[in-house]
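S.K.: give me a model of this one.
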Amino acid sequence: MPDAAAEPGTAAARNAAEEKSAFSHPAVEPDSTAGYGDHSDQVIDFYAPRGLTGPAEAAPVVVVLHGGSWRAPYDRRHISPFAGFLTGRGFAVASVEYRRGAAGTGADGSGEPVAGRWPDTFDDVAAALDVLPELVRQYLPRADARRTVLTGHSAGGHLALWASARHLLPADAPWRTDRPAPLRGVVALAPIADFEVADKLDVCGGAARQLLGGGELFAERRPYADPALLLPTGIATTLVQGRADVDVPQAVAEAYADAAAKAGEVVGVTLLEDVGHYPLIDPAADACAVVAEEIAQLAW
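M.R.: Numbers count the residues shown, from 1 in each chain. Reported below is the predicted structural model:
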């Protein structure tokens, strides 16, 4: 979160203003919600596309994974305006909720929420993606599940990259699949895409290290969770990154793209000048329209 003492005109002050704008929109209620498990966080919100006219016209599906450092205070509600924005561009949207770190469980006794739950966060994303095609048929009858693009913001960007690489997980990983996910592509927005670099930069207060359990578990679990170690995916992937992002700096996306190149895969990187972390999901920002166009290029 931005520094409350940030002086006007500083990067921190601009980040605070961008965050305020992104969070100023009222939540957009879904057309329907379905569960994919018994826990209250194991749900998916479905948004029907707007503006479709022809009876034979079917919309691509955008699967949205929200960010928030994998921490409990941030749920899918904050990204619902972005979901609504995408429906206005002709997409059907499935916004996935998942279990996050519980409040008041910080090891230092601070009461601060930790990042994610191991293995629950990964269990949920895998389960949601596995059942999604059937749920799309039920809840989005005017959508074409064969044209699915996976997107996510920040920590959700990490989960999107991870979900597209499950076929590359170690053989003993419970989430491993025997083939690549049936996706048209992935558009990861300011993703926490390389855990080694994110950890060195203390991104989101050490969220990546917390997600994996900290200490020795960080190194032990990275092969099961770090997208930069799960390449090449064989799935078209684009990263959209603001150059002025102070929450998840550009270096994190670039490290992932470099790792992909070394693995023989070309990953697109769209860098936006004078754009920070939050405009990518802010319907009032020009950057959000850029994101929609990147998704459209893969979906249509």
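S.K.: look at V61 and tell me its secondary structure.
M.R.: Taken by DSSP: H, G, I helix; E, B strand; the rest coil, the conformation at V61 corresponds to strand.
S.K.: which one's the longest helix in this structure?
M.R.: For the chain, the helix with the greatest residue count under DSSP state H is helix 120-139.
S.K.: distance from it to the middle of the chain?
M.R.: Centroid displacement of helix 120-139 relative to its chain, using CA atoms, centre = their mean, to the nearest Å, is 15 Å.
S.K.: tell me what it is packed against?
M.R.: In terms of contacts (3 or more CB pairs under 8 Å, 6 or more residues apart in numbering; DSSP states H and E), helix 120-139 is packed against strand 32-35, strand 43-47, strand 59-65, strand 92-96, strand 143-153, helix 155-163. Quick note: C-beta positions are derived from backbone N, CA and C, even for glycine.
S.K.: check which residues of it are buried.
M.R.: Neighbour-count burial for helix 120-139, with 16 or more other CB atoms under 10 Å as criterion, is recorded at 120-129, 132, 135-136, 139.
S.K.: output the helices and strands packed on helix 120-139 as TSV; include the columns distance to E294, mean pLDDT and mean neighbour count.
M.R.: As requested, these are exported to TSV (distance: least, CB to CB, whole Å; pLDDT from 0 to 100; neighbours: other CB atoms under 10 Å):
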stretch	distance to E294	mean pLDDT	mean neighbour count
strand 32-35	27	98	15
strand 43-47	19	98	23
strand 59-65	11	98	26
strand 92-96	15	98	28
strand 143-153	9	97	24
helix 155-163	13	98	29
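S.K.: between the ones you listed, which one is nearest to L229?
M.R.: Among those, helix 155-163 comes nearest to L229, with 10.2 Å by CB to CB.
S.K.: show me what that closest one is packed against.
M.R.: Against helix 155-163 (3+ CB pairs under 8 Å, 6+ apart) you get strand 59-65, helix 120-139, strand 143-153, strand 185-189.
S.K.: okay if I get these as CSV plus distance to V246?
M.R.: Converted to CSV, the helices and strands packed on helix 155-163 look like this (distance: least, CB to CB, whole Å):
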stretch, distance to V246
strand 59-65, 22
helix 120-139, 25
strand 143-153, 15
strand 185-189, 15
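S.K.: compare the ones you listed and give me the one nearest S21.
M.R.: strand 143-153 (14.7 Å).
S.K.: name the SS class of the residue nearest to F122 when sequence neighbours are not counted, please.
M.R.: Distances taken as CB to CB, 6 or more residues apart in numbering place W175 nearest to F122, at 5.8 Å, with adjacent residues excluded. Under the three-state scheme (three-state DSSP), W175 adopts coil.
S.K.: for W175, give me its contacts.
M.R.: W175 is in contact with 122-123, 126, 166, 169, 224, counting by CB atoms under 8 Å, 6 or more residues apart in numbering.
S.K.: do a quick rundown of the helices in the stretch 151-300 of the chain.
M.R.: 155-163, 195-200, 207-211, 215-225, 250-262, 286-299 (DSSP state H, counting those that start in this stretch).
S.K.: R71: which of those is closest?
M.R.: Ranking the helices of the stretch 151-300 of the chain by proximity to R71 (CB to CB) places helix 207-211 first, at 7.3 Å.
S.K.: check which helices and strands the closest one sits against.
M.R.: Taking 3+ CB pairs under 8 Å, 6+ apart as contact, the helices and strands that helix 207-211 lies on are helix 195-200, helix 215-225.
S.K.: and the first one, how far from the chain's centre?
M.R.: The chain centroid and the centroid of helix 195-200 are separated by 17 Å, computed with CA atoms, centre = their mean.
S.K.: can you list contacts of that helix?
M.R.: 192, 204, 206-209, 212, 218, 222, 225-226, 228, 248, 251-252, 255.
S.K.: mind redoing it with 7 Å?
M.R.: Helix 195-200 has contacts (CB atoms under 7 Å, 6 or more residues apart in numbering) with 192, 208-209, 222, 226, 228, 251-252, 255.
S.K.: buried deepest among the helices of the stretch 151-300 of the chain, which one?
M.R.: For these, ranked by mean neighbour count under the definition mean count of other CB atoms under 10 Å, the leader is helix 155-163 at a mean of 29.
S.K.: how far away is A284 from F82?
M.R.: Note on A284: its distance to F82, by CB to CB, to the nearest Å, is 11 Å.
S.K.: pLDDT and distance to V63 added to the contacts of W175, as JSON lines?
M.R.: Below are the contacts of W175 laid out as JSON lines (pLDDT from 0 to 100; distance: CB to CB, whole Å):
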{"residue": "F122", "pLDDT": "98", "distance to V63": "16"}
{"residue": "D123", "pLDDT": "98", "distance to V63": "17"}
{"residue": "A126", "pLDDT": "98", "distance to V63": "13"}
{"residue": "R166", "pLDDT": "98", "distance to V63": "14"}
{"residue": "L169", "pLDDT": "98", "distance to V63": "19"}
{"residue": "Y224", "pLDDT": "98", "distance to V63": "21"}
